[in-house]
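>>> Quick check, what structure comes out for this input:
(chains A and B)
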There are 2 protein chains.
Amino acid sequence: MEYATLNEKTALEFARAKTKVFSADSQLECKEIGDGNLNMVFRVSETKGSGASVIIKQSLPHARIDDSIVAPLDRARIESEMLVLHDRNCPGLAPKIFSYDREMYAIIMEDLSDHIVLRKGLIAGTVYPKLAEHIGEFLARSLFFTSDLGMDPLKKKVVQKSFVNPDLCKITEDLVFSNPYFDAANNKIDPEIRERAEENWKDAALKREVAKLKEKFMTQGQALIHGDLHTGSVFVTAESTKAFDPEFGFFGPMGFDVGAIIGNLVLNHASQLWHKKDKHEREVFREYLLRSFREIWYVFEEQFRSLWHEHVKTPLEMNPEYLEDYMKRLLADSIGYAGCKMTRRIVGLAQVEDIRSIPDAEVRARAQISVLDTAREFIMRREEYQNIDEAVETVLKFAVTQ
Amino acid sequence: MEYATLNEKTALEFARAKTKVFSADSQLECKEIGDGNLNMVFRVSETKGSGASVIIKQSLPHARIDDSIVAPLDRARIESEMLVLHDRNCPGLAPKIFSYDREMYAIIMEDLSDHIVLRKGLIAGTVYPKLAEHIGEFLARSLFFTSDLGMDPLKKKVVQKSFVNPDLCKITEDLVFSNPYFDAANNKIDPEIRERAEENWKDAALKREVAKLKEKFMTQGQALIHGDLHTGSVFVTAESTKAFDPEFGFFGPMGFDVGAIIGNLVLNHASQLWHKKDKHEREVFREYLLRSFREIWYVFEEQFRSLWHEHVKTPLEMNPEYLEDYMKRLLADSIGYAGCKMTRRIVGLAQVEDIRSIPDAEVRARAQISVLDTAREFIMRREEYQNIDEAVETVLKFAVTQ
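Numbers count the residues shown, from 1 in each chain, chains lettered A, B, ... in the order given. Below is the predicted model of the structure:
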């Protein structure tokens, strides 16, 4: 089947041919529902009967966000293989995959239409009581079982080869690490915060630390990371949490995934200055956000330690002092990468709805600057933090309360 | 050409068929000259006329050192591609390659019979005045040009895939990092130093630091490293230095290569307690060894910085503070890995002739213990050292002078 971009008609036929979800005489309908940048996304469902449905996700030869950034079709293979691994290592915390067509670069997967994107839920001020527990577990299991700790190091090296992902890594290297720290053409900087953004460009110590985090992102093949685990890559209901869109997956530093999700909670925390108008409601929701921030780390750490004790049996690595050192470095990496992810969402090309949907330029600027200040301290002090609570204190220190 | 282990007769025919070094009517002779563990090595030369000659190196399905360690035939491809890269990036500092046969896993290369193995030269007490300059240059150029600093990061990720080297990495992971730190079956520990070796096994802080260095070896794809750059992998004359045997090559931490060569100078330094009987001659030769130890680092650092200034043009990385931090981390890694390489040569499976050729058990034990003490301090204090001279002071602190 030669590659051709799917449309609603061909996607419907594709779903019927490639899965056994639908009965032969069923009536199907298909809708394009994509709002991402890199893919075509369709929902195919029965109009009568069981109402069964699937999602088709097809890679586009070029990213929609910017035609000058080439995103390879191969990312569909990487994404589908990532999803299969996530489904295996973290059952229930990622969508099921029904089929993957290598020629069409198209995946057919579980329909999660009853879920919503976490970012939208948080902007609306919805509390997800299971979120932190689920995300902490997803992080611990997906990262541990693809590291040298939870996988045979011989096998890991071979698996690592098939997840080399140069083009999507380059997007991250440029948009997360490089461009926000100089006057790059594709930065988007509101005039109200231009001066604060330029402070970062003159801050040699900050740029040194970001360069080190970028270097680690480019060289440390610690585990198969999701690579883009912000709140727009998580689907939720009150009871369910599914990590999604792992097309940026490659063997990188674990802290990049932890940092992505907790950094995006800080972005939402700042944005509530606008979204939750009532001061008391705002305080309550922000407490929930910071509780989730802490709890994600605590669940991650507890489960990671538990997996370590269960699976690490090699004499050199069984040393408790090594485990303590490992966890301390994971904490530092996570907080540092959170800072990088926060900064890029304020001054970089791809921003977030939490902040961008604040129509009042003055309120938005105050929220943005609080994020930049928090991010800077996260990056600079990451190795000093003794625990996640100290990072929460940093968020509170810079938060604008009214 | 189906794989078959070469013998002197077939190797001669192979050399004639695969290169244009010899004239059609030349008389050739062939001798097996291998003394390594992983390969068959032959020298093929004209008996009259030009006297032209080549070396054939063929991979064996199993390492000779221990049949339970499988060394893949694929290492011949990796080695030949490494040698081609070394020849390109460091002209004159690695042998020329005339031909590589993928089916036979055999390389035909420049004959360096006029060179001797550096380890043997140093045991004999020979001074090589160009050694440090050549090795420093080899390290700087081979490492810089295969890192994200000296190579397009997109291209580096693709090249990295073809140098994934699981089996040979496992040999290093086991023999250098794991086994020396517990009572592994294949350790070789002289009874006179058993007690000192066991001190390391009880030293949780030392084992934590070794575990971190092992983790970095397993995860940090910083540059295409030689992977086994001890003094037995360097061929020398008074004027010439050639790095050799890069079959352990993969993308790892740069400091592992720097540490390998300087660590082996410390081993030789300790062994001179026996080899140079005259105290004054011993002092003079040891001064040469420590001068080389320092100079290798200084030449490496100077050339690496110079390449950095010439080639690094990306805004985030051009920051001088980042360069300083990078060099400081390289120094720490180099000294730490030197310590690991020294320890494994005293208590591990594969030891070195410098030490093993000391027939007097008491003298040998004093030399061995001085190496273990120096190595421990190298590993524990690696991040404190401000410069290479402080590491030289550590060598002098533990050296046995008579």
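
>>> pLDDT-wise, which helix or strand of chain A ranks last?
Of all regular secondary-structure elements in chain A, judged by mean pLDDT, DSSP states H and E, the least confident is strand A:97-101 with a mean of 86.

>>> which strands and helices sit next to that one?
In terms of contact count using 3 or more Cβ pairs under 8 Å, 6 or more residues apart in numbering or on different chains; DSSP states H and E, strand A:97-101 is assigned the packing partners helix A:8-18, helix A:75-89, strand A:106-110. C-beta here means a position set from N, CA and C on the backbone, and glycine is covered the same way.

>>> That strand vs helix A:8-18, what angle?
Here strand A:97-101 runs at an angle of 110 degrees relative to helix A:8-18 (axes from the mean of the first three to the mean of the last three Cα atoms, to 10 degrees).

>>> Just the CA coordinates for strand A:97-101, please, in CSV.
Listed in CSV are the C-alpha atoms of strand A:97-101, where the atom choice follows Å, rounded to 0.1, in the frame of the first residue of the first chain:
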residue,chain,number,x,y,z
ILE,A,97,-2.9,-0.4,19.5
PHE,A,98,-5.0,-2.5,17.1
SER,A,99,-2.8,-2.2,14.0
TYR,A,100,0.2,-0.4,12.5
ASP,A,101,0.7,-0.1,8.8
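
>>> Contacts for it, please.
Outside of strand A:97-101, the residues that reach it under the criterion Cβ atoms under 8 Å, 6 or more residues apart in numbering or on different chains are A:1, A:14, A:18-19, A:21, A:54, A:76-77, A:80, A:83-84, A:87, A:106-110.

>>> change it to 7 Å
With Cβ atoms under 7 Å, 6 or more residues apart in numbering or on different chains as the test, strand A:97-101 has contacts from A:1, A:18-19, A:21, A:54, A:80, A:83-84, A:87, A:107-109.

>>> Any idea which of the helices and strands packed on strand A:97-101 gets closest to residue B:246?
Residue B:246 lies closest, by Cβ to Cβ, to one member of the helices and strands packed on strand A:97-101: helix A:75-89, at 30.4 Å.

>>> can you tell if the closest one touches chain B?
No: under the criterion of Cβ under 7 Å from any Cβ of the partner chain, helix A:75-89 makes no contact with chain B; the nearest approach is 12.8 Å.

>>> Next to chain B in this structure, residues from the stretch 1-150 of chain A, please.
residue A:148.

>>> can you pull out the helices in the stretch 1-150 of chain A?
Counting by DSSP state H, counting those that start in this stretch, the stretch 1-150 of chain A forms helices over residues A:8-18, A:75-89, A:118-123, A:131-144, given from the N-terminal end onward.

>>> most tightly surrounded among these?
Highest mean neighbour count of the helices of the stretch 1-150 of chain A: helix A:131-144, a mean of 25 (counted as mean count of other Cβ atoms under 10 Å in any protein chain shown).

>>> list the helices and strands that one packs on?
Secondary-structure packing of helix A:131-144 (3 or more Cβ pairs under 7 Å, 6 or more residues apart in numbering or on different chains; DSSP states H and E): helix A:75-89, strand A:241-243, helix A:254-275, helix A:279-311.

>>> that older thread, between the helices of the stretch 1-150 of chain A, which gets nearest to residue A:167?
helix A:75-89 (7.5 Å).

>>> CA atoms only: put that closest one into CSV for me.
What follows is helix A:75-89, C-alpha atoms only, in CSV (Å, rounded to 0.1, in the frame of the first residue of the first chain):
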residue,chain,number,x,y,z
ARG,A,75,8.1,8.8,13.7
ALA,A,76,4.9,6.7,13.2
ARG,A,77,6.9,3.5,13.6
ILE,A,78,8.6,4.9,16.7
GLU,A,79,5.3,6.1,18.1
SER,A,80,3.5,2.8,17.6
GLU,A,81,6.4,0.8,19.0
MET,A,82,6.5,3.3,22.0
LEU,A,83,2.8,2.8,22.5
VAL,A,84,3.2,-1.0,22.4
LEU,A,85,5.9,-0.8,25.0
HIS,A,86,3.9,1.6,27.2
ASP,A,87,0.9,-0.7,27.0
ARG,A,88,3.1,-3.6,28.1
ASN,A,89,5.1,-1.8,30.8
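
>>> quick one: contacts of that helix?
Contacts of helix A:75-89 with the rest of the structure, by Cβ under 7 Å, 6+ apart, involve A:59, A:93-97, A:100, A:102, A:105-107, A:109, A:141-142, A:145-146, A:163, A:165, A:168, A:224, A:243, A:246-247, A:249.

>>> In a markdown table, list the helices and strands packed on strand A:97-101 along with mean pLDDT.
Below are the helices and strands packed on strand A:97-101 laid out as a markdown table (pLDDT from 0 to 100):
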| stretch | mean pLDDT |
| --- | --- |
| helix A:8-18 | 94 |
| helix A:75-89 | 88 |
| strand A:106-110 | 91 |
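
>>> For the most centrally placed residue in chain A, what is the enclosing helix or strand?
For chain A, the residue nearest the mean C-alpha position is residue A:229 (0.9 Å; Cα atoms, centre = their mean). Counting by DSSP states H and E, there is no helix or strand that carries residue A:229.

>>> Could I get the pLDDT score of it?
What the model reports as pLDDT for residue A:229 is 98.

>>> between the contacts of strand A:97-101, which is closest to residue A:378?
Taking Cβ to Cβ as the measure, residue A:378 lies nearest residue A:83 of the contacts of strand A:97-101, at 29.9 Å.

>>> Span of stretch A:377-395 from start to end?
Start to finish, the residues bounding stretch A:377-395 are 9 Å apart (Cα to Cα, to the nearest Å).

>>> In it, which residues are buried?
Residues of stretch A:377-395 classed as buried by neighbour count (16 or more other Cβ atoms under 10 Å in any protein chain shown): A:377-382, A:385, A:388, A:391-392, A:394-395.

>>> So that stretch, near chain B or not?
No: under the criterion of Cβ under 7 Å from any Cβ, chain B is not reached by stretch A:377-395; the shortest gap measures 12.1 Å.

>>> ok, now stretch A:186-193?
No: no part of stretch A:186-193 sits near chain B under the criterion Cβ under 7 Å from any Cβ; the closest distance found is 12.0 Å.

>>> tell me the pLDDT at residue A:318?
For residue A:318, the model assigns a pLDDT of 97.

>>> ugh, wrong one, residue A:67
Residue-level pLDDT assigned to residue A:67 equals 49.

>>> Could you count how many residues lie near the residue nearest to residue A:132 when sequence neighbours are not counted?
Leaving aside its sequence neighbours, residue A:132 sits nearest to residue A:295 (Cβ to Cβ, 6 or more residues apart in numbering or on different chains; 3.6 Å). A count of neighbours around residue A:295, defined by other Cβ atoms under 10 Å in any protein chain shown, yields 16.

>>> what does the one 5 residues further on give?
Residues contacting residue A:300 under the criterion other Cβ under 10 Å number 30.

>>> and the gap between it and residue B:143?
Using Cβ to Cβ, to the nearest Å, one gets 35 Å for the distance from residue A:300 to residue B:143.

>>> Check residue A:51 too.
With Cβ to Cβ as the criterion, residue A:51 and residue B:143 are 60 Å apart.

>>> Which pLDDT value goes with the residue nearest to residue A:381 when sequence neighbours are not counted?
With Cβ to Cβ, 6+ apart as the measure, residue A:394 is the residue that lies nearest to residue A:381, at 7.3 Å, once sequence neighbours are left out. In this model, residue A:394 is scored at 98, pLDDT.

>>> what does residue A:61 give?
The score at residue A:61 is 66. That number is its pLDDT.

>>> list the contacts for the residue nearest to residue A:381?
When contacts are counted by Cβ under 7 Å, 6+ apart, residue A:394 touches A:374, A:377-378.

>>> rerun at 10 Å
In this structure, residue A:394 makes contact with A:266, A:335, A:339, A:373-378, A:381, A:385, judged by Cβ atoms under 10 Å, 6 or more residues apart in numbering or on different chains.

>>> Just the element for it, please.
Counting by DSSP H and E, the element that carries residue A:394 is helix A:388-398.

>>> tell me the angle of that helix relative to helix A:279-311?
Per the same axes, to 10 degrees, the angle that helix A:388-398 makes with helix A:279-311 is 160 degrees.
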